[in-house]
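> Let me see the structure of the following:
(chains A and B)
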Amino acid sequence: MLHLALRMAAHRITALIAVACAVLGGAALITTTGVLAESGLRSQLPPGRLGGADVVVAADQEFRPSGDLPLALPERATVPARLVDRLAALPGVTAAVGDIGFPAALADARGGITPVAEDPRTAGHGWSSTVLLADPRVEGRAPSGAHEVAVDAGTGLAVGQRVEVVANGRAPAAYRVSALVHAPGAGVYFADGTAAGLAARDAGSGGPRAGTVDLIGVRADGGAGQRVAAAVRDAVAGTGLEVSTGADRGAAVSPGVGSARSLLILLAGSLGGIVLLITGFVVAGALGVTIAGQRRDLALMRAVGATPKQIRRLAAAQSTVVAALALVPGIAAGYLLAGSFRELLTDRDVLPSELPLTVSPLPALATLLLMVAAVRLSARCAAWRTSRMPATEAVAESRSEPRTPSRGRTLAGLLLIVGAGALSVVPLLSRTVLGASVTSMAGILAAIGLALAGPALVRSAGEAAVRRLRPGVAAPTWLALSNVRAYALRLSGVVSPLAMGIVFVLTYTLTQTTVLAATSDDTRTGTLAQYELTAPALGGLPDGTLAAVRDVPGVRAAAPAGTTTVVWEYDELGEPTAESAPAMILAPDARGVVDLGVTDGGLDRLTGATVAVSGEAARTRDAGLGKRVRLVLGDGARVEARVVAVYDRGLGFGPVVLSRDLAAGHTTTGLDQRVLVRTDGTQEAGRELTALAAGRPGLALASTAPDTTGADTPPEVWINLALVVVLLGYLLLSIANKLVAATAQRRTEIAALRLVGTTPRQIRAMMRREAAVVAAAALACGLLLSAVPLALLGQGFLGHPWPAGPAWLLPAVAATVVLTSYLTTELPTRHALRTPPAEGLRTG
Amino acid sequence: MSTAAFPAAVTARRAPAIALDRVAKSYPGGVRALDDVSLTVEHGTFLAVMGPSGSGKSTLMHCAAGLDSPTAGSVRIDGHEISGLNETRRTELRRERVGFVFQAYNLIPSLSVEDNITLPLRLAGRRPDRDWLRTLTERVGLADRLAHRPAELSGGQQQRAAVVRALAAKPAVVFADEPTGALDLRSAHQVLDLLRALVDDLGQTVVMVTHDPAAAARAHRVLVMADGRVVEALERPSAPQLADRLVTLGER
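This is a model prediction of the structure:
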């Protein structure tokens, strides 16, 4: 059977290129998704600062809901400091160091800031942490007392020089450089006691994190690593702390990486569904065209004694051979594509640039299995009807199409379209990003429904058109419309992928832009403050900034704000569910700078263990005013908080807002991340604020007005747009292939038409008219199928039944469709017209 | 499929190549293509079926060859009952015992002549009998054309290749559906000579459907059909005799 399959495949090489392209593109996309998913699960940062530690003990930075993937907790959770001595006493341990990190930065003479570590929020450490460096080369001596530091040699400072250091929000203070450490980005080292004091971590400080360290690094005697790791595990058993060695140590360096990895998993998850849908559709479509082209051959084989099963096996074997050839470059391209995708994400600061991709054969294997299964199944389905025909009909029918599109197929298609219509109501009910994502899913389901129900629809449309034709109509028009009616299956095979492309681009892009418009509308109307003061290079706003801002003439209100991550546990349909979401941190005085559209309660009550929740969340999670909600804060602390306000603008401000009191001590730094400032609107006030920011090193003043450069656009939008472009390219390629293959298979027909006296000119005119019908039908179907979900989306999110988005999108889509349809018909027709008609008949 | 699955064949005297008993075939919509046809074809004979268009001769062939199943009656091929078998079982029986020659040759364009010839054997999972195939291809004059594609052969050559394909599995009976319909006079003669020689020299059984009296005259026996019934059976008729008979049928 393989021999036959190969022979027949070799003869059909042009038609099979469509299948090969579909498989190649699909394999690339699935492999990419697989690599992203695997990296999300297994990728680790290099151990960096902890390279010299054999064993690292740190808190568990993941929340593990039952029966679901773990959720990352990005705020540093602490380890009791007293554990350090216990671990140091274990046999084989040469050193156990309690490591702490706190905001620190060097101020230069001109009032600028020199960054000293990747993350300024944790750039300051105690001197003993240098023990954990892989290869600590130190010039000078350890800092001692409250006025000496050691800095990275890369800063260009020299031992003995004086330098201004801003540490944990304190005013810049002068320190003497006592040592240079040769470790890039290692940060600023203070004497251990000074560091603990600055970070308020010493047992006596009374702060929320007193008596704790971030992590404990343990160095072991040479060769004793394994034994020490086991001993450390025993020592911390039952405390919930994580003991890591080797590559796993990377996770302890920066807990924020966990959330980046969750993002990768999330991304792969949302990508996976749509990629599989589109790949399956494209591959099945390409195989359908190829096998339709071999109908006659397959029918002949039936006549000379092939059983229906053999026909299906032959179709499957042939497609598998082609798929196998295309899989190799496809999978290779997938790994490369994953690399470029990672670059896109790191460029947008969605992923830390040190986080590598995990490259293993697993995604390739998964792709192989998925694609081969999809190809074999599609091929068997495509050959099903031909294989089931009685042998007599096989010979008679092979020159035209099956008489009627199967009723089951039409029914399934119509059901899918109706189901998609029902799905697209979701954005009306749930005004969340998740609710909006249903829109594009509904659009694509509807397009698949169209592909199934298409033949029946196209046939009835064609029949209606032919009946209405006037008798004197031009021959090419009459021919074109007759073809539309007679070859409904072939035509709808061309129309439906084009329509799907349109639906995909419109729903996917417009969903993004609509949600973005609604979100920025929420944020814009909800933000009363005109200015936002931050200090990214310092790791947080220095103490006293808020008071200074409030003293500026013209400032009406100023309030601190921050963002953290919370996991909200609630019951959904009786099932315990946990959802991780970004949450704003606001103080009771936030009313002067933000208007969340509070409908119940008030933000002034945000003191103690309280939260404000969005109306959406209040409704679906039983969290109305006065109710208590269970939350897991960003460092894993479980808290119960009372709802003191319910607000409308959940899209712009998230499902939950924490009181500053509740979040205190549960964030990596204790500093405010930003201060929102509302002025009287005069230029004078703006100038005063600018002067204030300029006068204090590291402060940055920005307008809260949405900028038009797109720099504020959330990374998901970029990811989704990149996805649209990649998938659109794939779809267009397969559509073009399909159209070319479909036209090429009509050589016999073209030859026959020429023999009965149709001029090449008339044939080209006929084909052009068919192309026009195809483009028009695809546009009409695509627009119709996108219109319903998008109208509902617009109604739900913007309050009017149309989406928000760029005006050029629709004309651009229409032009692309018309051009694709024209080119892919015109070129193969010209090619077919070059062969003499008699020969065309013989070889067709 | 092994012959053991069809134990009915075990009889002292060899069963006729084809035996139809009161076969009827009607199509949805009430068209009655075959009406109570009974017919026996003994091994080693050459039968021609004639009749005007729509007389049911093609349907008769499809039913007798197991390409289609009759609505009523019994069809036995080489002693094996085929009515009531499903599509797969019928296909398997067919490729064991029946060979086909079509008007349009029906060679697979993507396969070489040799691959076309061995295709039914391959589909049956049987090893081709090389000597037998060499004998056949030499006899029809295609021995040096085996590596060619069908499109590189003349119509007569293609039809002779189709005849070899039909015989490759040493079937009990060969059905030929208008085998000369698409050929020029000389090629048609060659193909008819070949079919007749197969019967005379090799003891092959051939059933040929045709509307050409000259072709039918080469058969041992000719059935004339009209309106789904066998209206006449003629032993070794001459071509003019057959032509007359057809004209009178057409005038009825």
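> right, and the helix or strand after the helix or strand that A:Ser259 is a member of?
Following DSSP states H and E, one finds A:Ser259 within helix A:256-293. Going down the chain from helix A:256-293, the next helix or strand is helix A:295-303, by DSSP H and E.
> got a list of what the most centrally placed residue in chain A touches?
Nearest to the mean C-alpha position of chain A, by C-alpha atoms, centre = their mean, lies A:Leu267 at 3.5 Å. A:Leu267 makes contacts with A:Leu36, A:Gly40, A:Ile719, as judged by C-beta atoms under 8 Å, 6 or more residues apart in numbering or on different chains. Using the backbone N, CA and C atoms, a C-beta is placed for each residue, glycine as well.
> try it again with 6 Å
Going by C-beta atoms under 6 Å, 6 or more residues apart in numbering or on different chains, A:Leu267 touches A:Leu36.
> ok, now how distant is it from chain B?
Distance, A:Leu267 to chain B, using C-beta to the nearest C-beta, to the nearest Å: 44 Å.
> Give me the distance between that residue and A:Ile719.
Distance, A:Leu267 to A:Ile719, by C-beta to C-beta, to the nearest Å: 6 Å.
> what about A:Val151, which SS state?
Of the three states, A:Val151 takes strand under DSSP: H, G, I helix; E, B strand; the rest coil.
> Tell me how many other residues crowd it.
Neighbourhood size, A:Val151 [other C-beta atoms under 10 Å in any protein chain shown]: 27.
> For it, list the residues it contacts.
So A:Val151 contacts A:Leu157, A:Val177, A:Val188 (C-beta under 6 Å, 6+ apart).
> Any idea which of those the model trusts least?
Sorting those by pLDDT puts A:Leu157 at the bottom of the list (84).
> Now do the contacts for the residue nearest to it when sequence neighbours are not counted.
Excluding the flanking residues, the one nearest A:Leu157 by C-beta to C-beta, 6 or more residues apart in numbering or on different chains is A:Val177, at 5.2 Å. Counting by C-beta under 6 Å, 6+ apart, A:Val177 touches A:Val151, A:Leu157, A:Val159, A:Gln161, A:Val163.
> As CSV, those residues with secondary structure would be great.
Output for these, formatted as CSV (three-state DSSP):
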residue, secondary structure
A:Val151, strand
A:Leu157, coil
A:Val159, coil
A:Gln161, coil
A:Val163, strand
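> May I ask which of the residues you listed has the most neighbours?
Sorting these by how many neighbours each has (other C-beta under 10 Å) puts A:Val151 first, at 27 neighbours.
> mind checking how far that residue is from A:Ala179?
As judged by C-beta to C-beta, A:Val151 and A:Ala179 stand 8 Å apart.
> show me what contacts A:Val426?
When contacts are counted by C-beta under 6 Å, 6+ apart, A:Val426 touches A:Gly435, A:Val438.
> now the strands: where do they sit in the stretch 51-200 of chain B?
Ranges of strands within the stretch 51-200 of chain B are B:72-77, B:80-81, B:98-101, B:173-177, based on DSSP state E, counting those that start in this stretch.
> and among the ones you listed, the most buried is which?
Burial of the strands of the stretch 51-200 of chain B is given as mean neighbour count (mean count of other C-beta atoms under 10 Å in any protein chain shown); strand B:98-101 ranks first at a mean of 27.
> hmm, who's touching that one?
Strand B:98-101 has contacts (C-beta under 6 Å, 6+ apart) with B:Ala65, B:Ala162, B:Val163, B:Ala166, B:Leu167, B:Pro171, B:Val173, B:Val174, B:Phe175, B:Ala176, B:Pro179.
> can you redo those as JSON lines with pLDDT?
Below are the contacts of strand B:98-101 laid out as JSON lines (pLDDT from 0 to 100):
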{"residue": "B:Ala65", "pLDDT": "86"}
{"residue": "B:Ala162", "pLDDT": "89"}
{"residue": "B:Val163", "pLDDT": "88"}
{"residue": "B:Ala166", "pLDDT": "88"}
{"residue": "B:Leu167", "pLDDT": "87"}
{"residue": "B:Pro171", "pLDDT": "89"}
{"residue": "B:Val173", "pLDDT": "92"}
{"residue": "B:Val174", "pLDDT": "92"}
{"residue": "B:Phe175", "pLDDT": "91"}
{"residue": "B:Ala176", "pLDDT": "90"}
{"residue": "B:Pro179", "pLDDT": "87"}
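> so which of these comes closest to A:Pro184?
Checking these against A:Pro184 with C-beta to C-beta, the nearest one is B:Ala162 at 79.4 Å.
> List the contacts of that closest one.
B:Val101, B:Tyr105.
> Show me what counts as buried in the helix or strand containing A:Arg619.
Following DSSP H and E, one finds A:Arg619 within helix A:615-620. Judged by neighbour count (16 or more other C-beta atoms under 10 Å in any protein chain shown), helix A:615-620 contains these buried residues: A:Gly615, A:Glu616, A:Ala617, A:Ala618.
> before we move on, what about stretch A:76-83?
Neighbour-count burial for stretch A:76-83, with 16+ other C-beta under 10 Å as criterion, is recorded at A:Arg76, A:Ala77, A:Thr78, A:Val79, A:Ala81, A:Leu83.
> So the fourth one is in contact with A:Val213, correct?
Read it as A:Val79. Yes. Using C-beta atoms under 6 Å, A:Val79 is in contact with A:Val213, at 5.4 Å.
> The lengthiest strand in chain A versus helix A:256-293: what angle between them?
Criterion DSSP state E: the longest strand present in chain A is strand A:555-572. Strand A:555-572 and helix A:256-293 are oriented at 60 degrees to each other (axes from the mean of the first three to the mean of the last three C-alpha atoms, to 10 degrees).
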